[in-house]
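no letters, just coordinates:
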């Protein structure tokens with residue numbers, strides 16, 4: 001039997017690449033991917049009318065900024081990072097489909113053997129048919145983060161909210177880093193401008209600005225907490241709301 005009515009009918013979930021790594025900090029931890037996939041499948045089972053799209057990062061395999069910092073051409077390093085997101089997307093797709101959830105991967109960098117090209121109208125049609133759509137390859141352009149990709153795709157598909165999942169145990173936006181400052185205070189709700197002006201740890205400024213310009217709310221929450229996605233959809237007080 002379905003649970004409480006969902007707050008949004010279409011959501012975009014941002015999953016960082018580091019979340020796939022688990023405690024190892026690099027590579028792909030199959031158990032972690034299984035847990036993330038199970039949370040998504042459970043939400044779909046209880047709320048079959050909720051459409052879920054996902055943007056994945058690639059930081060568990062490669063970070064463009066790290067390559068640029070070591071002297072590599074920044075654009076080249078960023079393209080390598082985009083390829084890393086495709087690896088993560090395929091891993092998540094496989095796990096979701098093992099759990100019985102039809103899934104499509106769309107990549108901004110064309111690689112027809114493993115993923116569809118990103119086409120907005122096709123992505124929306126997949127969502128309408130009950131498939132989970134995973135967006136990989138970033139925006140297809142260097143110098144943009146996967147946070148910006150998440151904001152862009154969420155606006156394009158007309159999602160009701162962008163759910164930014166964290167992986168470090170931080171359950172929202174704080175006045176300072178709670179891992180180093182015990183006096184840091186969690187913010188239940190904050191405005192886009194406060195995030196930008198106060199330099200709060202959330203998403204990069206391009207992503208925040210894009211969401212602000214399109215009135216797209218963001219919820220930053222702990223992705224590692226079991227059932228948090230469901231709780232958010234059902235109106236639970238989870239994470240920090242940015243609007």
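Happy to help now that I have it. Every value quoted in this text rests on a predicted model; they were computed, and no experiment measured them. Residues are numbered from 1 along each chain as shown.

stretch 187-204: how far from the chain's middle?
In terms of CA atoms, centre = their mean, to the nearest Å, the centre of stretch 187-204 is found 18 Å from the chain centre.

could you do stretch 127-142 as well?
Centroid displacement of stretch 127-142 relative to its chain, using CA atoms, centre = their mean, is 11 Å.

give me the mean pLDDT for that stretch.
In this model, stretch 127-142 carries a mean pLDDT of 98.

confidence-wise, which helix or strand of the protein is lowest on average?
Across the helices and strands of the chain, mean pLDDT, DSSP states H and E gives its lowest value to helix 64-69, namely a mean of 82.

residues touching that helix, excluding its own?
Applying CB atoms under 8 Å, 6 or more residues apart in numbering, the contact partners of helix 64-69 are 74, 76-81, 142. C-betas here are computed from N, CA, C, even on glycine.

looking at these, spot the one nearest residue 25.
Closest approach to residue 25 among these (CB to CB): residue 81, at 16.6 Å.

nearest spatial neighbour of the closest one, skipping sequence neighbours?
The shortest distance from residue 81 to any non-neighbouring residue, by CB to CB, 6 or more residues apart in numbering, is to residue 64 (4.1 Å).

what's the burial count for the one you found?
Neighbour count of residue 64, defined by other CB atoms under 10 Å: 25.

again with the one 4 residues further on
By other CB under 10 Å, 17 other residues sit near residue 68.

over to residue 27?
Burial of residue 27 is recorded as 11 neighbouring residues (other CB under 10 Å).

end to end on stretch 10-26, go ahead and measure it.
Chord length of stretch 10-26, first to last residue, is 31 Å (CA to CA, to the nearest Å).

please apply the same query to stretch 99-109.
27 Å.

tell me, how many residues neighbour residue 231?
Quick note: residue 231 (other CB under 10 Å) scores 18 neighbours.

now do the same contact list for it.
Residues in contact with residue 231 (CB under 8 Å, 6+ apart) are residue 238.

contacting residues around stretch 71-79?
62, 64-68, 109, 138, 142-144.

who wins for neighbours among those residues?
residue 138 (31 neighbours).

wait, is residue 150 part of a helix?
Yes: counting by DSSP: H, G, I helix; E, B strand; the rest coil, residue 150 is found in a helix.

quick check: it touching residue 53?
No: using CB atoms under 8 Å, residue 150 is not in contact with residue 53; the gap is 9.3 Å.

these two: which is more packed in?
residue 150 (31 against 26).

quick revisit: and the contacts of helix 64-69, which is closest to residue 131?
residue 81 (25.8 Å).

can you list the buried residues in the strand or helix carrying the closest one?
Using DSSP states H and E, residue 81 maps to helix 74-98. Residues of helix 74-98 classed as buried under the neighbour-count rule (16 or more other CB atoms under 10 Å) are 77-93, 95-96.

where's that helix relative to the chain centroid, distance-wise?
Centre-to-centre, helix 74-98 and its host chain are 13 Å apart (CA atoms, centre = their mean).

tell me the angle the helix or strand following that helix makes with helix 74-98.
Beyond helix 74-98 on the C-terminal side, the first helix or strand identified by DSSP H and E is strand 103-107. Per axes from the mean of the first three to the mean of the last three CA atoms, to 10 degrees, the angle that strand 103-107 makes with helix 74-98 is 170 degrees.

got the buried residues for stretch 202-220?
202-203, 207-212, 216-220.

and if you look at stretch 221-236?
Buried, per 16+ other CB under 10 Å, within stretch 221-236: 221-225, 228-234.
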